[in-house]
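Asks: Sequence first, predicted coordinates after that:
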Amino acid sequence: MAHDHAEHAHGNRGRLGAALAIVVVVLLIELLGSWLSGSLALLADAGHMTSDAIGLVVALVASTIAARPATDRHTFGFRRVEVLGALVNGALLTVVAVTVAIEAIRRLLTPESGQVDGLPLLIVAAIGLIANLVAFSILRRGDRESLNLRGAYLEVLGDLLGSIAALVAGVVILTTGFAAADAIASLLIAVMIVPRAVSLLRDVVRVLTESAPRGTDAEQIREHLLQTAGVVDVHDVHVWTITSGDPVFTAHVEVDPGVFARGETDGMLDRLGECLKGHFDVAHSTFQLEPAGHAQHEGESHR
């Protein structure tokens, strides 16, 4: 499991590094394009990409720290740093969305802000679209493995949608002369970012509050364990995640006294662990074996 996590972390760092290089190049191109065309949409998207570049750096640093081994002080290692990186990215996405929306509305209310040259806008938006498609493809392959990587993926997805909006705005301005299309595109960029930021932050809160992983039913796991031969009762059940795709399970398991008498505790632990790993994809599990009736000696918080 640790080996698989290390391989995923290494692959994630490679994806993040490649995406960061693409984002920085496109950011510089959009700044130049905004200056040449006077496009507000390109400037807004460049601002968005600046936050993305910062977010990708945060994600890359978080991924590197998360790969460090566990210590006596940090017994689970540093894997949750990836979740903190996702939290920063989610916050950045939210701030950018609100800022872009406010600026877009202001520009719609003040049409005298200036004219936009549609051709440079169209060319730069097309370049941005191609580059963001490449970055999107790189990060898409690993977004389910890590909340941190998912945050970076959502930011690049926002860039991709922003490039499409800017491209459409360029076509409209070039063919109709409707300059307000630029501000409208900026507003659309903001609207498309918000639900993705909210979704990411919701998943981060789920991990940080140590809630059960999405799609995991602790009672269902308990009922499944009760079907194991020799198990009398299961209580004090806890299931949470250290980081994305790394669930942890603990429980007190009351067993038939004969299990202790016959020295079959090792076999019982093996069966319980294989049950969780095989049916619920939980590789990190801890069981406290107890003789039947032991729960009566425990406090209410352990039942």
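Replies: Done, it's in. Numbering: from 1, shown residues only.

Asks: Is residue 211 in contact with residue 240, as I believe?
Replies: Yes. Using CB atoms under 8 Å, residue 211 is in contact with residue 240, at 6.8 Å. From N, CA and C alone the C-beta is placed, and that goes for glycine too.

Asks: Looking at the two now, which is surrounded by more residues?
Replies: residue 240 (18 against 14; other CB atoms under 10 Å).

Asks: shouldn't residue 169 be in contact with residue 181?
Replies: Yes. Contact criterion CB under 8 Å: residue 169 and residue 181 qualify, at 4.3 Å.

Asks: between those two, which one's more packed in?
Replies: More neighbours surround residue 169 than the other of residue 169 and residue 181, with 29 against 23 (other CB under 10 Å).

Asks: So for that one, what's the nearest residue that isn't a sequence neighbour?
Replies: residue 185 (3.8 Å; CB to CB, 6 or more residues apart in numbering).

Asks: With residue 259 instead?
Replies: Using CB to CB, 6+ apart, the nearest residue to residue 259 is residue 230, at 5.0 Å.

Asks: What's the per-residue pLDDT of that neighbour here?
Replies: If you check residue 230, the pLDDT there is 88.

Asks: Same question for the one 5 residues further on.
Replies: For residue 235, the pLDDT comes out at 89.

Asks: Check for me that it belongs to a strand.
Replies: Yes. The assignment for residue 235 by DSSP: H, G, I helix; E, B strand; the rest coil puts it in a strand.

Asks: and it, how many neighbours?
Replies: With other CB under 10 Å as criterion, residue 235 counts 16.

Asks: give me the beta-bridge partners of it?
Replies: residue 252 (DSSP bridges).

Asks: That one reaches residue 251, doesn't it?
Replies: Yes. In this structure, residue 235 is within contact of residue 251 by CB under 8 Å, at 7.2 Å.

Asks: and residue 50, what does it touch?
Replies: residue 27 (CB atoms under 8 Å, 6 or more residues apart in numbering).

Asks: Secondary structure element holding it?
Replies: Using DSSP states H and E, residue 50 maps to helix 40-66.

Asks: Please apply the same query to residue 254.
Replies: Here residue 254 sits within strand 247-255, counting by DSSP H and E.

Asks: and that strand, average pLDDT?
Replies: 89.

Asks: how far away is the residue lying closest to residue 85 once chain neighbours are set aside from residue 248?
Replies: If the residues on either side of it in the chain are set aside, residue 85 comes closest to residue 62, at 3.0 Å by CB to CB, 6+ apart. Residue 62 is 20 Å from residue 248, where distance means CB to CB, to the nearest Å.

Asks: The two: which is more packed in?
Replies: Shown here are residue 62 and residue 248; by other CB under 10 Å, residue 62 has more neighbours (32 against 17).

Asks: what packs against the helix or strand in which residue 90 is found?
Replies: Here residue 90, judged by DSSP H and E, is contained in helix 81-109. For helix 81-109, the packing partners by 3 or more CB pairs under 8 Å, 6 or more residues apart in numbering; DSSP states H and E come out as helix 40-66, helix 147-176, helix 181-208.

Asks: 10 Å instead?
Replies: Judged by 3 or more CB pairs under 10 Å, 6 or more residues apart in numbering; DSSP states H and E, the packing partners of helix 81-109 are helix 2-37, helix 40-66, helix 147-176, helix 181-208.

Asks: what about the residue lying closest to residue 281 once chain neighbours are set aside, how many neighbours?
Replies: In this structure, residue 281 finds its nearest non-sequential neighbour in residue 247, 7.3 Å apart by CB to CB, 6+ apart. Residues lying near residue 247 (other CB under 10 Å) number 20.
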